[in-house]
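Asker: Quick one: sequence and predicted model below, then my questions.
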Amino acid sequence: MPYVKVKGFQIFKDRHGRMRCYHRATRTPVDLQKSPLGSAEFFSDCARIAALAEKGQHPKPGTLGLLIARYRKHPAFTDLKPRTRADYDRCFTYLEPIADTPLVKITSPLVVKIRDKAAEKHGRRFGNYVRTVLALLFAWGRERGFVKVNPAEGIKGLRAPKDAPKANRPWDDDERDAVLIALPAHMKLPIAMMMYCGLDPQDALKLPRTAIVDGYLDTHRGKTGEGTRLPLPKPLVEVIDAAPVHSAITLCANSYGRPWTVSGFRASWRPIRQGLEQEAKVRPGLTLKGLRHTVATILAEMGYDERTIADVLGQRTTEMARHYSRQANKTKKLDGVVTNFDAELNKRSTRVVKPD
């Protein structure tokens, strides 16, 4: 492997032994499979990324790049949660090649084209997210006089194919049992936090030791900042009591006794899930985020209203609670509703039934 050093870029070997290369300032990666380290294509990619970064530092007046730069400095952006800012930044990084586009030339058809191209390259969800971020960006700019209209307003997201599997589907009862049996000891507690409290994977992994006090879980959802205080379900208490002892500042720790990273946990979870799929103990489509949907689904099937579900999940509004519980089987509740409805119809009936 030739020794290569490029100013402004970080070149290193990851924990799997693969070489990586990132632009230090923007964290833009260089695809070393398409542009091998030290090749002409590699240096060309580095030069292109560096030029785009330099252009982003000095955006031209009246362009998309300048609007993004000003938005990034405003509290509307800086006050967002770190995870949300990171998601927005992914979209802004994707838009860097068109940063010099004059704002007056960005029309609704162009936004649609940008959305579709992003979806083609990175998937439907990312394409829709780019559209959402553009709508927020132009709404901010219109309020401050940078643009007269919001070209992304009213543009719908791309719909998933009718036969496409639902993202983050709820886990079935047998799947939850199979996963808990297969997990190594140091992975049971994070999964149990997601499974029984509906925590996001990121929030479960970052929980401090002080989050559990007197049999309650005190936490704040990272994305919304909403606080929740939940009594610990009995199955979770059993997992906590059996968890390996460690000295990490977080409640959950990896096999080395250190705090988990999200990427590290997903890398450890992936082979376990794949092995269970091969053994037909779980069905395809199992995701960690799906455990949040599972909690909402079970609560909905028990008859709890959307506001209660939202409070358990740490949601400010009920819209996401409705989204998370959309697959709930409400048959039991509807059986009672129809029975009562039928009785009410009989009361209201004006038909006279004559005796035989």
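Answerer: Happy to help now that I have it.
Asker: For Phe9, what are phi and psi?
Answerer: phi -120, psi 140 (degrees, to the nearest 10).
Asker: how close does it get to Glu54?
Answerer: 14 Å (Cβ to Cβ, to the nearest Å). C-beta: built from backbone N, CA, C; applies to glycine.
Asker: These two: who's more crowded?
Answerer: Counted by other Cβ atoms under 10 Å, Phe9 and Glu54 do not tie: Phe9 has more neighbours, with 19 against 11.
Asker: Just confirm the more buried one contacts His23, I think it does.
Answerer: Yes: contact criterion Cβ atoms under 8 Å: Phe9 and His23 qualify, at 5.7 Å.
Asker: can you pull the contacts of Tyr88?
Answerer: If you count contacts by Cβ atoms under 8 Å, 6 or more residues apart in numbering, Tyr88 has them with Phe77, Leu80, Val133.
Asker: The last one and Thr93 touch, don't they?
Answerer: The one in question is Val133. No: between Val133 and Thr93 there is no contact under Cβ under 8 Å: 11.2 Å.
Asker: Between those two, which has more neighbouring residues?
Answerer: Ranked by neighbour count (other Cβ under 10 Å), Val133 and Thr93 place Val133 first, with 21 against 16.
Asker: Could you check how far that one is from Asp31?
Answerer: From Val133 to Asp31 the distance is 23 Å (Cβ to Cβ).
Asker: How about Ala248?
Answerer: 34 Å.
Asker: Between the two, which is the more surrounded one?
Answerer: Ala248 (15 against 11).
Asker: Just checking, which of the contacts of Tyr88 comes out lowest on pLDDT?
Answerer: For the contacts of Tyr88, the model is least confident at Leu80; its pLDDT is 86.
Asker: contacting residues for it?
Answerer: Tyr88.
Asker: tell me the secondary structure for it?
Answerer: coil (DSSP: H, G, I helix; E, B strand; the rest coil).
Asker: related to what we said a few turns ago, between the contacts of Tyr88, which is closest to Arg18?
Answerer: Val133 (30.3 Å; Cβ to Cβ).
Asker: Surely Ile272 is within a helix?
Answerer: Yes: checked against three-state DSSP, Ile272 lies within a helix.
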